[in-house]
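> Any chance you can model this:
(one chain, ligands or ions: 1)
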Amino acid sequence: MQRDNTNKSIGIFDSGVGGLTVVKEIINLLPDEKLIYLGDTARVPYGIKSKDTVIKYAQSNADFLLSKGIKILVVACNTASAFSLDTLKEKLSIPVIGVIDPGAKKAAESTKNGKIAVIGTPSTIRSEAYSRAISKINPDLEIFSRACPLFVPLAEEGWHKGEITRKITETYLEDIIKEDIDVMILGCTHYPLLKSAIQEVAGENVLLIDSAEEIAREISENIDKENTSEEIMNKNEYYLTDVSESFIRIAGKFLGKELKEVILTDL
Ligand code: DGL
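The predicted structure is shown next:
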């Protein structure tokens, strides 16, 4: 049966502000689509939480977005994608897209020497979701993973460059760089903000894969763009489960422009 997607939006959730890097890429690629974003700022961070807890959070986020009328659900958080994507796909009747597969696919296609690095939150790395996704595409690829927990606060603090950031980046990456990797997946929504610092330390021969860009491409292949009605275009809605003063300031950095209105919601 053909689904009627007229007046339906793209629903996106993240544990907080990081998913706005994905929103930015979706707006670039699909400017006519209406987006409904939910940042679970009351329960962030997800990156240090257990699988069961993250699944529970992801389900309530999905229920909220479904109640707003969405045609596709984007899990714009690596930790939530790593832990809850299978559950959400099983339960929901709309397409569900996470960040892991698009990033893994791009990395597997791009590596020339078969050595891929994955960096992410402790939970994402512990889940081994990227390793599994890459090995499914090509079991011969070698994968080197590293959790970089301090990158999230550095990105939020706006310390995208500078001596401290460089030192921390060097410390995190030194072991995996020694492995002669030629591709590195930025497996956390916050990491694109530290891209230049990471590139500097990894070296110019290492290709950095930004999951935000990859997921935007995947969404564009999975939605019926003809069905979006004129009136709803470009009226994006941003919901948060907690609003702090710093959020708007930080959100601007992630989105690349000022976020004018956010709506506080209680899931
Ligand atoms: N959004 C999370 C991710 O991509 C990072 C922030 C958090 O720990 O919740 O894994």
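> C-alpha only now, for contacts and for neighbours.
Noted.
> What segments of the stretch 1-150 of the chain are strands?
For the stretch 1-150 of the chain, applying DSSP state E, counting those that start in this stretch gives strands covering 9-14, 35-39, 70-75, 96-98, 115-120, 142-147.
> Those: which one's closest to Ala251?
Of all the strands of the stretch 1-150 of the chain, strand 35-39 sits nearest to Ala251, with 10.4 Å by C-alpha to C-alpha.
> Partner strands of the closest one, with direction?
Strand 35-39 sits in its sheet next to strand 9-14 (parallel), strand 237-240 (parallel), going by DSSP bridges.
> before we move on, the earlier item: compare the strands of the stretch 1-150 of the chain and report which one is nearest to Ile177.
Checking these against Ile177 by C-alpha to C-alpha gives strand 115-120 as the closest, at 8.3 Å.
> Quickly run through the sheet partners of the closest one, with directions.
strand 142-147 (parallel), strand 183-187 (parallel).
> and the ones you listed, which is most packed in?
The highest average neighbour count among these, using mean count of other C-alpha atoms under 10 Å, belongs to strand 183-187 at a mean of 26.
> Tell me the helix or strand right after that one.
For strand 183-187, the following helix or strand on the C-terminal side (DSSP states H and E) is helix 195-202.
> quick one: buried residues of that following helix?
Within helix 195-202, the residues scored as buried using 16 or more other C-alpha atoms under 10 Å are Lys195, Ala197, Ile198, Gln199, Val201, Ala202.
> counting contacts, what elements does it pack onto?
With contacts defined as 3 or more C-alpha pairs under 8 Å, 6 or more residues apart in numbering; DSSP states H and E, helix 195-202 has these neighbours: helix 163-177.
> what's the average pLDDT for the helix it packs on?
Average pLDDT, helix 163-177: 97.
> now the angle between strand 115-120 and it, please.
Counting by axes from the mean of the first three to the mean of the last three C-alpha atoms, to 10 degrees, helix 163-177 lies at 140 degrees to strand 115-120.
> The ligand contacts on the stretch 1-150 of the chain?
Applying C-alpha under 6 Å from any ligand atom, we find that the stretch 1-150 of the chain lies next to the ligand at Asp14, Ser15, Gly18, Val44, Pro45, Tyr46, Gly47, Cys77, Asn78, Thr79, Thr121.
> May I see the residues you listed organised as CSV, with neighbour count and pLDDT added?
As requested, these are exported to CSV (neighbours: other C-alpha atoms under 10 Å; pLDDT from 0 to 100):
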residue, neighbour count, pLDDT
Asp14, 29, 94
Ser15, 29, 92
Gly18, 29, 86
Val44, 16, 91
Pro45, 16, 92
Tyr46, 24, 94
Gly47, 23, 91
Cys77, 32, 94
Asn78, 32, 93
Thr79, 36, 94
Thr121, 26, 94
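> between those, which is closest to Ile176?
Distance to Ile176 across these (C-alpha to C-alpha) is lowest for Thr121, with 15.7 Å.
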